[in-house]
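Participant: quick one, fold the following:
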Amino acid sequence: MTDVLEGDVQALRAALARTTGEVHVTLNLPRKAARKVLALPDAERTSGAVVVPARELQTTIEAAALLGVSRPTLMKHVGSGEIDHVMVGSHHRIDAAPLAAFEQARRERRAKAAADLAAFSNEIGLDD
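Facilitator: Model (predicted):
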């Protein structure tokens with residue numbers, strides 16, 4: 001961790017220890033770290049939950065666990081091109097962004113299916 005980032009981490013920890021309300025700090029972050037920090041509230045706003053991967057690239061086992069699917073199911077999505085990946089030697093590695101995009105698309109498909117089912121149920125009179 002860079003000295004700048006380490007200082008910011010310490011400032012944030014100190015601010016959190018001082019108050020139980022809002023936390024006000026000024027951070028000087030490297031661009032890459034700032035993008036990661038911004039991704040947290042964006043993820044919380046869109047999905048209601050935040051998962052912070054420990055590394056940039058996840059193994060297929062880690063990625064499957066993050067999505068709540070089996071590794072074979074994950075590999076089907078990787079093989080079909082639904083989830084982008086990179087090869088590290090002979091191993092698949094998956095960045096956090098494609099996992100988040102896949103999960104968001106999956107949520108949207110499920111919401112549409114539920115809405116379509118509700119509309120169909122109303123149409124045929126099952127809601128009476």
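
Participant: C-alpha from now on. contacts and neighbour counts both.
Facilitator: Noted.

Participant: mind giving me the domain ranges of the protein?
Facilitator: Following the assignment in automatic domain parsing, the chain carries domains at 1-49, 51-128.

Participant: make JSON lines out of these and add mean neighbour count and mean pLDDT.
Facilitator: Listed next are the domains of the chain as JSON lines, based on neighbours: other Cα atoms under 10 Å; pLDDT from 0 to 100:
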{"stretch": "domain 1-49", "mean neighbour count": "12", "mean pLDDT": "75"}
{"stretch": "domain 51-128", "mean neighbour count": "14", "mean pLDDT": "88"}
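
Participant: which neighbouring elements make contact with the longest helix anywhere in the chain?
Facilitator: The helix that spans the most residues within the chain, counting by DSSP state H, is helix 96-124. Counting by 3 or more Cα pairs under 8 Å, 6 or more residues apart in numbering; DSSP states H and E, the packing neighbours recorded for helix 96-124 are helix 60-67.

Participant: recalculate using a threshold of 10 Å.
Facilitator: With contacts taken as 3 or more Cα pairs under 10 Å, 6 or more residues apart in numbering; DSSP states H and E, helix 96-124 sits against helix 31-47, strand 57-59, helix 60-67.

Participant: contacts for the last one, please.
Facilitator: Think helix 60-67. By Cα atoms under 10 Å, 6 or more residues apart in numbering, the list of residues contacting helix 60-67 from outside reads 51-53, 57-59, 68-75, 78, 85, 91-96, 99-100, 102-103.

Participant: if you set the cut-off to 7 Å instead, what comes out?
Facilitator: Contacts to helix 60-67, defined as Cα atoms under 7 Å, 6 or more residues apart in numbering, come from residues 70-71, 74, 92-94, 103.

Participant: could you check the angle the longest helix of the chain makes with helix 60-67?
Facilitator: Taking axes from the mean of the first three to the mean of the last three Cα atoms, to 10 degrees, helix 96-124 and helix 60-67 form an angle of 40 degrees between their directions.

Participant: how far does helix 96-124 sit from its chain's centre?
Facilitator: Distance of helix 96-124 from the chain centroid (Cα atoms, centre = their mean, to the nearest Å) equals 17 Å.
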